[in-house]
Structure formats: structure tokens, C-alpha cells
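Undergrad: Quick one, structure for this:
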Amino acid sequence: MIFKRVEREDLTIITLVLQTIAVNMGSMIISIGSPHNILLFTLSGVSVVEFVMLLLPYFLVSFIFLLVICLAIPSEKLHLKVRHNYEVDKSNFIKRVFTGVDYLLLVTFVAFFIFNW
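TA: Numbering: from 1, shown residues only. You can find the predicted model right below:
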């Protein structure tokens, strides 16, 4: 949505890809970051510090590659269009709020909290 406002929709895919890589890198280094890390950490019997130290070289190599890719993207000024003031219809606000709620999802979350105690 923000890329549309600055007329740079071409950056959407590369941004999502780089964010996905960064998130996976973050989950790679910690013992509870992913299901396989939880399994490896539990079965290995090493401490958290040892686990991080084992994965640190892989994280650093990945970080360097990500940094190089980010620096290779040419930077340019973005021009944000000035938004005009829009009138907001405030009639029936409460009714619209309560009809827009996903009650099934809300009940699901409440059930998870109640039954997980």
C-alpha cells in the first residue's frame, strides 16, 4: 500500500523477499526460533549460548549476503503525493464497528486462552 502511494509498486516483491529472509535469519539463530531449532536444541543438550555460538557463523554469512543485497539496491528519492482532506462518515459508527468484527475468530482465541490454562 505504501509503495502505491509513492508510485513504486516495483519494489513490493523485493521488499517482501528481503523481509522474509531477515525473519528467517532471526529465527535461525535462536533456539526457539523454529520447530527444527527447538528439536535440535532439546535433543543436543547444549546451552543456549553454545547453540547460538554454533549457528553464529551461518548467521553472519547470511547477514553479510543480505547486507550486500540491500546495499546493491539503488537508492532514490521518493515523492509522496499530498493527500487531500477527506470527510469521514461518522453516522452509525458503533453499529459498523460491531458488525465488522469476526466473532468466530474472537471465540477461537478466547477458547485457546481458556483451555490452555
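Undergrad: Tyr58 reaches Met25, doesn't it?
TA: No. In this structure, Tyr58 is not within contact of Met25 by Cβ atoms under 8 Å, at 9.1 Å. Backbone N, C-alpha and C define where each C-beta goes, glycine included.
Undergrad: Just want to know which of the two has more residues nearby.
TA: Counted by other Cβ atoms under 10 Å, Tyr58 and Met25 do not tie: Met25 has more neighbours, with 17 against 12.
Undergrad: now the helix or strand hosting that one, how far from the centre of its chain.
TA: Per DSSP states H and E: Met25 is located in helix 12-29. The chain centre lies 8 Å from the centre of helix 12-29; the measure is Cα atoms, centre = their mean, to the nearest Å.
Undergrad: how about it: buried residues?
TA: When burial is assessed from 16 or more other Cβ atoms under 10 Å, helix 12-29 yields the following buried residues: 25, 29.
Undergrad: what's in contact with the helix or strand just after it?
TA: Where DSSP H and E defines the elements, the next helix or strand beyond helix 12-29 is helix 35-44. Helix 35-44 is contacted by residues 27-28, 30-32, 48, 51 when judged by Cβ atoms under 8 Å, 6 or more residues apart in numbering.
Undergrad: Let me have the residues you listed in TSV, extended by distance to Ile14 and pLDDT.
TA: Listed next are the contacts of helix 35-44 as TSV, based on distance: Cβ to Cβ, whole Å; pLDDT from 0 to 100:
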residue	distance to Ile14	pLDDT
Ser27	21	90
Met28	21	89
Ile30	26	87
Ser31	30	84
Ile32	29	84
Val48	34	90
Phe51	32	91
